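**Q** kindly return the folded structure for what I paste below:
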Amino acid sequence: MGIGTVITTILFAATIIGGSLYLLGAAVAMWRAPDALSRMNQLSAGVTVGAPLLVVGNAILEFDQGTLTVGKTLTGLLAIVAMLVVATVASEVLARAVLGSRDGSAEDHSDRPHADRD
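**A** The predicted structure is shown next:
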């Protein structure tokens, strides 16, 4: 067993354990959060940090085993970008829905004049 294998094994373990612990921490924080907006915030953080670490860990393992191909690399990169985009858009939409439901409206009516402003 060479030094390269030891280094890749340590990197693999660090990314997999780190990603798993981050997702577990986000799940516990989400469970303990007092309201929907806080829960959504915890979920977004877990997805944007924890899940990409798991994808990177898988790529490190496949590189060490010699089975990493260009297709798998591109698929992993696409998965990371998709998770980041979907988590960002989903948290924005959910935040708008939660905040809209708090004041009684589900839409943003900031362009309409209010009666109390006139």
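**Q** buried sites along the helix or strand where residue 14 lies?
**A** Using DSSP states H and E, residue 14 falls within helix 3-32. By neighbour count on 16 or more other Cβ atoms under 10 Å, the buried set for helix 3-32 is 8, 11-12, 15-16, 18-19, 22-23, 26, 29-30. From N, CA and C alone the C-beta is placed, and that goes for glycine too.
**Q** could I get those residues as CSV with pLDDT and distance to residue 58?
**A** Listed next are those as CSV, based on pLDDT from 0 to 100; distance: Cβ to Cβ, whole Å:
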residue, pLDDT, distance to residue 58
8, 92, 12
11, 95, 12
12, 96, 9
15, 97, 9
16, 97, 8
18, 96, 13
19, 95, 10
22, 93, 16
23, 92, 14
26, 90, 19
29, 90, 25
30, 88, 24
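**Q** if we can go back for a sec, tell me which other helices or strands the helix holding residue 14 touches.
**A** Applying 3 or more Cβ pairs under 8 Å, 6 or more residues apart in numbering; DSSP states H and E, one finds that helix 3-32 contacts helix 36-65.
**Q** tell me the angle the very next helix or strand once past the helix it packs on makes with helix 36-65.
**A** Later in the chain than helix 36-65, the nearest helix or strand by DSSP H and E is helix 70-102. Here helix 70-102 runs at an angle of 170 degrees relative to helix 36-65 (axes from the mean of the first three to the mean of the last three Cα atoms, to 10 degrees).
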